[in-house]
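J.: One predicted model, sequence on top.
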Amino acid sequence: MNRKKFLQLSSLGLSAVSLPSFSPSAQKPIVISTWDSGMAVNAAAWDILSANGKSVDAVEEGARHIENELNCCVGLGGYPDRDGIVTLDACIMDEHANCGAVAGLEQIRHPVSVARKVMEKTPHVILVGNGAQQFAIENGFPKEPAKLSDDAEHAYRDWLKKSTYSPVINIENKKQNGPFAPNFFDDGTPNHDTMGLVALDASGDLSGAVTTSGMAFKVHGRVGDSPIIGAGLFVDNEVGAATSSGVGEEVIRICGTHLVVEFMRQGMSPEQACKKAVERIVKRDPVKAKTLQVGFLALNKKGQYGAYAIQKGFVYSVRSGSENKIHPSKFLI
Ligand code: ASP
């Protein structure tokens, strides 16, 4: 189900969202991902997990699935920056703390797979901009022009009417009071929708991946939390894994997903850990936090999961042997 469909169902009172549930018993394999668009992503990852495949392969496959869809928020169909250029951020991390990332990558369809190549073929963690593109081409990724999805094109044209070239980090806030505030433009189009997914495989190993076109209409060159290990994604195979969506600058400031994993190490459940990280953001600037959205999503070594967001509207998708659902996240404000 895509997000528009989800909205329609919600407004009819026919939401596919289940009641939040906490899973106390161990379950593996399992994959969880941000947003309702995670349902299809999970299905792609599940093909691998259910055949006893490795979590790192599953999360890459899940991310590739949505990169192929050319939707508004991920991949070559994603929202452009202020100059009309689509720049992509992605990362991947496995159970050995191997990790790779790309930022500001242009005209490459599968940034998550380039990130994996960075992880496997270089001594580095992050490649950016032209260097990342050159590396991708050298590794057999074809150059392909971005093709804005209809949603992205429409939203960009709308934004251009009033655009001011100033580095506003909270461009999400066009609609503050709607049921999904602040993630949607006035017409219901989502304006950020990063795909982050974390998985636990049948062998008990954790991995994660993130892919995004980043914040809509960002300043050219801006990098969000998504490709930053410890901000948009963190995996510690002894403890758990976490990912995030929302205003990346706020996540970077608190090393968000690393913090979530450290809270789980101290014994907190995934949901409690996500909540504590959200509280850290809100405490720093409670007034500003009212205008921001950040959601964290976490999975521990036992296959227990949970999420927490600053505001209402963050949802996540879960796929395991016993579940295939969208869950609404709890929220602070
Ligand atoms: N976290 C992303 C960023 O700041 C935005 C999103 O979640 O969609 O680039």
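T.: In hand now; what should we look at?

J.: which ones are touching Ser245?
T.: 34-35, 192-194, 196, 294-295, 297, 314 (Cβ atoms under 8 Å, 6 or more residues apart in numbering). C-beta here means a position set from N, CA and C on the backbone, and glycine is covered the same way.

J.: Just the element for it, please.
T.: strand 240-246 (DSSP states H and E).

J.: which parts of that strand are buried?
T.: For strand 240-246, burial by neighbour count (16 or more other Cβ atoms under 10 Å) applies to 240-246.

J.: now Asp285: how far from Leu292?
T.: 9 Å (Cβ to Cβ, to the nearest Å).

J.: In terms of neighbours, single out the busier of these two.
T.: More crowded of Asp285 and Leu292, by other Cβ atoms under 10 Å: Leu292, with 21 against 13.

J.: Tally up the residues packed near the residue nearest to the more buried one when sequence neighbours are not counted, please.
T.: Closest residue in space to Leu292, ignoring its immediate chain neighbours: Val247 at 5.0 Å, by Cβ to Cβ, 6 or more residues apart in numbering. Here the number of neighbours of Val247 (other Cβ under 10 Å) works out to 27.

J.: which parts of the stretch 1-150 of the chain sit against the ligand?
T.: Contact residues, the stretch 1-150 of the chain versus the ligand (Cβ under 6 Å from any ligand atom): Cys73.

J.: who's in contact with the closest residue to Lys121 other than its chain neighbours?
T.: Closest residue in space to Lys121, ignoring its immediate chain neighbours: Asn139 at 7.1 Å, by Cβ to Cβ, 6+ apart. Contacts for Asn139 (Cβ under 8 Å, 6+ apart) come out as 114, 117, 121.

J.: can you check Asp236 too?
T.: Asp236 touches 97, 206, 261, 265, counting by Cβ under 8 Å, 6+ apart.

J.: Test my guess that Phe314 contacts Leu292.
T.: No: when contacts are counted by Cβ atoms under 8 Å, Phe314 is not listed as touching Leu292 (11.8 Å).

J.: Just confirm yes or no for the strand or helix carrying Thr257 near the ligand.
T.: Using DSSP H and E, Thr257 maps to helix 256-265. No: between helix 256-265 and the ligand, judged by Cβ under 6 Å from any ligand atom, nothing touches; the nearest distance is 9.7 Å.

J.: Could you list the buried residues of that helix?
T.: Of the residues in helix 256-265, 256-264 count as buried by neighbour count, 16+ other Cβ under 10 Å.

J.: Over to stretch 136-147?
T.: 136, 141, 146.

J.: pLDDT averaged over whichever strand or helix holds Cys91 - what is it?
T.: Using DSSP H and E, Cys91 falls within strand 88-93. For strand 88-93, the mean pLDDT works out to 98.

J.: cool, and stretch 268-280?
T.: In this model, stretch 268-280 has a mean pLDDT of 98.

J.: Give me the contacts around it.
T.: 22, 240, 242, 254, 256-257, 259-261, 263-264, 294-300, 304-310, 330, 332.

J.: Tell me if it is near the ligand.
T.: No: on the criterion Cβ under 6 Å from any ligand atom, stretch 268-280 is out of touch with the ligand, staying 13.9 Å away.

J.: quick one on the thing from earlier: quick check: neighbours shared by Phe314 and Leu292?
T.: In terms of Cβ under 8 Å, 6+ apart, Phe314 and Leu292 are both contacted by the residues Gly246.
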